[in-house]
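In: Pasting the sequence and the predicted coordinates here, then a few questions.
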There are 2 protein chains.
Amino acid sequence: MGSQEKAPAAAEARPQPQDSRDEILKAAMRLFASRGFHETSMSEVAREAHVSKALIFWHFKTKEELFLAVLTRLLEPYFIDFAEEASALDERAQIIKLVEFYLHFVRENASSVRFFLAQMLHDQSLSEGLNDQVLKLYGGFRAMLVELLGRAQAKGLCTHRFVPDAAASFLLSALNGLMIEQLFVGNSAIDSEGAVVMVGQWLFGDDQASSGPRRD
Amino acid sequence: MGSQEKAPAAAEARPQPQDSRDEILKAAMRLFASRGFHETSMSEVAREAHVSKALIFWHFKTKEELFLAVLTRLLEPYFIDFAEEASALDERAQIIKLVEFYLHFVRENASSVRFFLAQMLHDQSLSEGLNDQVLKLYGGFRAMLVELLGRAQAKGLCTHRFVPDAAASFLLSALNGLMIEQLFVGNSAIDSEGAVVMVGQWLFGDDQASSGPRRD
DNA sequence: GTTACCGTTGACCGAAAGGTTAGCCGGGCA
DNA sequence: TGCCCGGCTAACCTTTCGGTCAACGGTAAC
C-alpha cells in the first residue's frame, strides 16, 4: 500500500486499545453471521481482523465469550421504540403502520434476521440469552398489537368479532411467515403492499383488490 | 427384556450387510438432526451406531455423502399426496382441510422440520439439493392452494375479491408463521383450531368467534 | 483345502481446531 | 535512566477432526 505507517504520529497514528477490540468484533460479526459459530475458526477471525490469534484471546477469554459479544452487538439495532412514531394515528392506521414497519425492518436487516433465526433454531444451548432477548422483543411487539386490536374492535372498526389475543397471534404469525418467505425467495408473489391489503381485508373488510394510498 | 440375543442362530442371527448400513444411517439421523452437521463427528456416529469409524467410510465415501443420505431419508415422509384424501369435498372444506393438514404435519414432524429449516437457513452450500426438493414440495402445496382458491372464488364462496395467487401466498405465509411459532414456543396463544377459525373469517367471512365444525 | 471376496476393525495420518505461554515493544513515570 | 505495564505476537501445546490402510474372520465357490 502507499500509506506508510512510519509517518510521524500526529493524532490518529497510535492505535487505541479499543481499536483492535472493535476490529476483532467487526470481523467476528461478519464471519459468524455468514458462516456460523462452529464453522468459523479463531484463526479466520484473526486473519480477517489483521490481528494475531492470541490477541483475540487477550480481549475475550473464550470463543463463546466473543460470540456472545457479537450477538449483543448485532442485536442493538433491534431496540427501537415504535410508540412515538405512530401515537397520533388512529388504531387502524397504527395497525397498518405496524405491519409495514415489521416487514420493512425485516427486509432491511435480512442478513442478521436470518442469522438469529438460524442460530436459535440450531443450538439453543449456545444462545439461551439470545432466545430470551428476542422473545422479549417479540413479546413487546405482540403486546402493542393486542392492545391496538382490542381498541380497534371496541370502536367497531373491525368486521369480525375475535379475541384480540388470538387475532394478534395470527397476524404476527402471518408476518413471520412473510419474513421467512422473504428470507428464502427474496421477492415472492406477495410483497409488503399485497400483505397490507390482505390484512386490511381480513381485519377491516376492505374489499378493494387494491386499497391504500394508490399513486399511479 | 426376556428375549436372549444368544439364542441359536436361526434366520436373523447373521448380520446382513444392509444391517450395519442402516444402523449407521439411523444413528447419523439422530445426531445430525439434533446437533447439526458440523457439530457431529464421525466418531460420534460410529459410537452411536456401535460400529467402527472405518466402516462408516466403507459404506459412505465422505461425511458429506452420509449427510446427503440422511437428508433424503429424513425427507421421505414429506412425500405424501394429499389430493386423494380430499377430492370429494367442496372447495371450502378442502381449503380448511389443507390448512389443518399442514399444521398437523408440522406438529407431528416438528423435529425434522426444525432441522431442515435450520439447515437451509444456515449453510445453503451444503444443502442445495435439499433446497430444491423442499421448494418443489412447497410449490406443489402452493399450486393446490392457488387452484382451490381460484375455484372457491369463482363459485362465490369468498367474501373478498383477491388475486388467488396473492391470497395463496399470504395464506401460506400465515401457515409458515404458525409453524415457526410452534417450533419456538410449543403451544402459543393460537392453536390449530384458532388458526382455522381465522382463515375462515378472512376468506369466507365467518363471524363466529368460536365456530365449530359447522355444516349448513 | 484353497482361493477369493465381503464386511469389519484398530492403528494410524496430517491438518486444523481452541487455547497457552514466553517474551517483544514502546510510552509513562519514578 | 531504568523499570513497569498494557497491547501485541510467534511459536507451541493438546485434542480431535475427516479420512486411510493393512489385515482379520467368515462364508461361498472351486
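Out: Arrived safely, thanks for sending. In this text, all values refer to a predicted model and were calculated from it rather than measured experimentally. Numbers count the residues shown, from 1 in each chain, chains lettered A, B, ... in the order given.
In: contacting residues around A:Ser112?
Out: Applying C-beta atoms under 8 Å, 6 or more residues apart in numbering or on different chains, we find A:Ser112 in contact with A:33, A:74, A:77. For the C-beta atoms, the positions are set from N, CA and C on the backbone; glycine is no exception.
In: Can you check what angle separates the helix or strand that it is a member of from helix B:110-122?
Out: Secondary-structure assignment from DSSP states H and E places A:Ser112 in helix A:110-122. Computed with axes from the mean of the first three to the mean of the last three C-alpha atoms, to 10 degrees, the direction of helix A:110-122 lies at 150 degrees from that of helix B:110-122.
In: got the contacts of A:Ser112 as JSON lines, with distance to B:Gly205, secondary structure and pLDDT columns?
Out: JSON lines is the format used below for the contacts of A:Ser112 (distance: C-beta to C-beta, whole Å; DSSP: H, G, I helix; E, B strand; the rest coil; pLDDT from 0 to 100):
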{"residue": "A:Ala33", "distance to B:Gly205": "44", "secondary structure": "helix", "pLDDT": "93"}
{"residue": "A:Leu74", "distance to B:Gly205": "43", "secondary structure": "helix", "pLDDT": "93"}
{"residue": "A:Pro77", "distance to B:Gly205": "40", "secondary structure": "helix", "pLDDT": "90"}
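In: Quick check on those residues: which are buried?
Out: Using 16 or more other C-beta atoms under 10 Å in any protein chain shown as the burial test, the contacts of A:Ser112 include A:33, A:74 as buried.
In: Closest one of the contacts of A:Ser112 to DNA strand C?
Out: Minimum separation from DNA strand C among the contacts of A:Ser112 (C-beta to the nearest atom of the strand) is found for A:Ala33, which lies at 15.4 Å.
In: in whichever helix or strand comes after the helix holding A:Ser112, what's buried?
Out: Sequence-wise, the next helix or strand downstream of helix A:110-122 (DSSP H and E) is helix A:128-154. Neighbour-count burial for helix A:128-154, with 16+ other C-beta under 10 Å as criterion, is recorded at A:130, A:133-134, A:141-142, A:144-146, A:148-153.
In: Equivalent analysis for stretch A:61-75, please.
Out: Residues of stretch A:61-75 classed as buried by neighbour count (16+ other C-beta under 10 Å): A:63, A:66-71, A:74-75.
In: How about it and DNA strand C, touching?
Out: Yes - with C-beta under 7 Å from any atom of the strand as the threshold, stretch A:61-75 lies in contact with DNA strand C, specifically through A:61-64.
In: So that stretch, near DNA strand D or not?
Out: No - taking C-beta under 7 Å from any atom of the strand as the criterion, stretch A:61-75 and DNA strand D are apart, separated by no less than 13.7 Å.
In: quick one: contacts of stretch A:71-86?
Out: Under the criterion C-beta under 8 Å, 6+ apart, residues A:25, A:29, A:33, A:93-94, A:97-98, A:101, A:109, A:112, A:115-116, A:119, A:127, A:129-130, A:133-134, A:137, A:141, A:144 lie in contact with stretch A:71-86.
In: what does stretch A:172-189 give?
Out: By C-beta under 8 Å, 6+ apart, the list of residues contacting stretch A:172-189 reads A:99, A:102-103, A:106-107, A:110, A:113-114, A:117, A:138, A:141-142, A:145, A:190, A:192, A:195, A:198-199, B:117, B:120-121, B:135, B:165-166, B:168-170, B:172-181, B:190, B:195.
In: Out of those, which end up buried?
Out: Neighbour-count burial within the contacts of stretch A:172-189 applies to A:99, A:102-103, A:106-107, A:113-114, A:117, A:141-142, A:145, A:190, A:192, A:195, A:198-199, B:117, B:120-121, B:165-166, B:168-170, B:172-181, B:190, B:195; the criterion is 16+ other C-beta under 10 Å.
In: Could you report the pLDDT at the most centrally placed residue in chain A?
Out: With distances taken as C-alpha atoms, centre = their mean, the residue of chain A nearest its centroid is A:Val113 (4.8 Å). Looking at A:Val113, its pLDDT is 93.
In: Can I get stretch A:116-129 as CSV, trimmed to CA atoms?
Out: In CSV, the C-alpha atoms belonging to stretch A:116-129 read as follows (Å, rounded to 0.1, in the frame of the first residue of the first chain):
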residue,chain,number,x,y,z
PHE,A,116,-30.5,-15.0,14.5
LEU,A,117,-33.2,-17.3,13.3
ALA,A,118,-30.8,-20.0,12.2
GLN,A,119,-28.9,-19.7,15.4
MET,A,120,-31.9,-20.0,17.6
LEU,A,121,-33.1,-23.0,15.6
HIS,A,122,-29.8,-24.7,15.6
ASP,A,123,-28.2,-24.8,19.0
GLN,A,124,-30.3,-23.2,21.6
SER,A,125,-27.7,-24.2,24.2
LEU,A,126,-25.3,-21.6,22.9
SER,A,127,-27.8,-18.8,22.6
GLU,A,128,-30.1,-19.0,25.6
GLY,A,129,-29.6,-15.4,26.3
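In: quick revisit: which two in the buried residues of stretch A:61-75 are spaced the farthest apart?
Out: Taking C-beta to C-beta as the measure, these reach their widest spread between A:Lys63 and A:Leu75, a distance of 18.7 Å.
In: follow-up on the earlier one: sort out which one of the buried residues of helix A:128-154 lies nearest B:His50 for me.
Out: In terms of C-beta to C-beta, no member of the buried residues of helix A:128-154 lies closer to B:His50 than A:Leu130, at 36.2 Å.
In: if we can go back for a sec, can you flag which of the buried ones among the contacts of stretch A:172-189 belong to helices?
Out: A:99, A:102-103, A:106-107, A:113-114, A:117, A:141-142, A:145, A:192, A:195, A:198-199, B:117, B:120-121, B:165-166, B:168-170, B:172-181, B:195 (DSSP state H).
In: Show me which residues of chain A are close to DNA strand D?
Out: Within reach of DNA strand D by C-beta under 7 Å from any atom of the strand, chain A has these residues: A:15, A:17, A:19-21, A:51-55, A:58.
In: Tell me, please, the helix or strand in chain A that averages the lowest pLDDT.
Out: When each helix and strand of chain A is scored by mean pLDDT, DSSP states H and E, helix A:83-86 comes last, with a mean of 70.
In: The helix or strand A:Ser43 falls within near DNA strand C anywhere?
Out: A:Ser43 belongs to helix A:42-48 when elements are defined using DSSP H and E. Yes - looking at helix A:42-48 against DNA strand C by C-beta under 7 Å from any atom of the strand, the contacts come from A:42-44.
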